[in-house]
Each structure stands twice: as C-alpha cells, then as structure tokens.
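> pasting the sequence and the predicted coordinates here, then a few questions.
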Amino acid sequence: MRLQLLGVGSVPVLTLPIKDDDDSIINLSALARWLDMKRTTLFDHIQAKGLETAIREAAIAKRMKKLNT
C-alpha cells in the first residue's frame, strides 16, 4: 500500500510505501486535540470534506476563536 500526498493539480508531492499493519502514519487523535475538537467530529468532517479541507477549516476556526478571546 502507498500513501500519496497530492499538491496543486493532483501532482504527487510525496509518496510513501507503508505496510498493511502500519496505520499510525497520521495520529488523528493528537490532531483532533491540537485543533481543539472532538475526535468523532474531526472524523465526520474528514469523511464529508476530505482530510486537507477538514484540517484547514478546523485550523481557521481555531485561529478565529483565539482572536475573538
């Protein structure tokens, strides 16, 4: 199995070969904590919008929340 990170225009930026049992490439629990959101909420956003968009929108929301306080 391969993990591909795609850039603008779907150009592969990075390709990593991973083993089938290696599912800890991205620690989504730690990412959810860093974004100040529940893990299940992050999973729902990822499923609905895709990983990159979900992370970007959550980071913007966190930044806006920090600016308003």
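Received, thanks.

> C-alpha from now on. contacts and neighbour counts both.
Noted.

> for the record, mean pLDDT for whichever helix or strand Ala59 is part of?
Using DSSP states H and E, Ala59 maps to helix 51-68. For helix 51-68, mean pLDDT rounds to 89.

> roughly how far does the residue lying farthest from the centre of the chain sit from Leu35?
For the chain, the residue at maximal distance from the C-alpha centroid (CA atoms, centre = their mean) is Thr69, at 25.1 Å. Thr69 sits 16 Å away from Leu35, taking CA to CA, to the nearest Å as the criterion.

> next one: Phe43
Taking CA to CA, one finds Phe43 at 12 Å from Leu35.

> run the chain-centre distance for the helix holding Ala59.
Averaging C-alpha positions (CA atoms, centre = their mean, to the nearest Å) puts helix 51-68 11 Å from its chain's average.

> buried residues in that helix?
For helix 51-68, burial by neighbour count (16 or more other CA atoms under 10 Å) applies to 54-55, 58, 62.

> burial measure for the residue lying closest to Arg2 once chain neighbours are set aside, as a count.
Closest residue in space to Arg2, ignoring its immediate chain neighbours: Pro17 at 4.4 Å, by CA to CA, 6 or more residues apart in numbering. Using other CA atoms under 10 Å, Pro17 is surrounded by 9 other residues.

> just Leu42 next, same as before
Other residues near Leu42 number 22, with proximity taken as other CA under 10 Å.

> mind giving me the packing neighbours of the helix or strand encompassing it?
Under the criterion of DSSP H and E, Leu42 resides in helix 39-49. When contacts are defined as 3 or more CA pairs under 8 Å, 6 or more residues apart in numbering; DSSP states H and E, helix 39-49 sits against helix 28-34, helix 51-68.
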